[in-house]
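Visitor: Predicted model and sequence follow; I will ask about them next.
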Amino acid sequence: MKLYFSPGACSLASHIVAREAGLDIELDQVNLGNKETASGKDFRTINAKGCVPALELDNGELLTEGPAIMQYLADRNPASGLAPAHDSIARYRLQEMLGFISTELHKRYSPLFNPNSLDSVRAESIAALQRQYGLLDKRLAEHEWLVGDHFTAADAYLFTVTNWAAHVGLDLSAFPAVLTFQKRVAARPAVQAALGAEGLIPKQ
């Protein structure tokens, strides 16, 4: 399998899940500015959406969209516990959380990365993010992980998008449980390996 990624982008969550699952995947970095891959291809000929992550399967098929990719990767190693069993309420709780992170956090960051966003739009996004982080802080003050009693794909996703806060000036100091969660996830060996491979920290 080959994962198309951009350092620190939402594709980091899929990268973390792959490493947590112990999967042997090839990485191909995408320059999101010119849409060129490190292997010299026009990424748009691979994924017409032009967005990471994209996962090229062993049979040549392409899978896109982070939540789908994370669940696919987790299911390659069920024993990892990264995704609960199909047709269990826990699996739907995972999908519930992935959907929440995707719509209420991930997309809310987009205006903050856009230098042309109006101040009013930025303020609205920051206020919305802080409301949602308030909910997550309550959850994480009582539970170590978002779903069940162990690390799942949802935790990888929350860790990834929350890492963006410092880059866009979003103050999370009011959410100590979220900040503690970030440190807890960052300390995991597979997460350290993924961050190192993407050049975000020195390689382990």
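Guide: Thanks, I have it. Residues are numbered from 1 along each chain as shown.
Visitor: which stretches of this structure form helices?
Guide: 11-20, 43-46, 66-75, 89-100, 107-113, 119-142, 153-162, 165-168, 176-186, 189-197 (DSSP state H).
Visitor: Quick check: which of those helices is buried the most?
Guide: Burial of these is given as mean neighbour count (mean count of other Cβ atoms under 10 Å); helix 11-20 ranks first at a mean of 28. Every C-beta, even on glycine, is put in place using the N, C-alpha and C of the backbone.
Visitor: Model confidence score at V147, please.
Guide: According to the prediction, V147 has pLDDT 96.
Visitor: cool, and K41?
Guide: Each residue has a pLDDT score; the one for K41 is 95.
Visitor: same question, P202
Guide: The predicted structure lists P202 with a pLDDT of 82.
Visitor: From E20, how far out is it?
Guide: When Cβ to Cβ, to the nearest Å is the yardstick, P202 and E20 sit 20 Å from each other.
Visitor: re earlier: can you lay out the helices of the chain as TSV showing distance to F5?
Guide: As requested, the helices of the chain are arranged in TSV below (distance: least, Cβ to Cβ, whole Å):
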stretch	distance to F5
helix 11-20	4
helix 43-46	11
helix 66-75	11
helix 89-100	18
helix 107-113	17
helix 119-142	24
helix 153-162	11
helix 165-168	17
helix 176-186	18
helix 189-197	9
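Visitor: Low-confidence ranges, the protein, go.
Guide: Per-residue confidence for the chain (pLDDT under 70) gives these ranges: 203-204.
Visitor: tell me the domain boundaries of it?
Guide: In terms of domains, the chain is parsed into 2-80+190-197, 89-188 (source: automatic domain parsing).
Visitor: Contact partners for S80?
Guide: When contacts are counted by Cβ atoms under 8 Å, 6 or more residues apart in numbering, S80 touches 20-22, 74.
Visitor: outside of the longest strand belonging to the chain, which residues touch it?
Guide: Among the segments of the chain that qualify as a strand by DSSP state E, the longest is strand 26-31. Under the contact criterion Cβ under 8 Å, 6+ apart, strand 26-31 has outside partners 1-7, 15, 36-39, 43, 52, 197.
Visitor: ok, I69 touching L57?
Guide: No - I69 is not in contact with L57 according to Cβ atoms under 8 Å; the separation is 10.2 Å.
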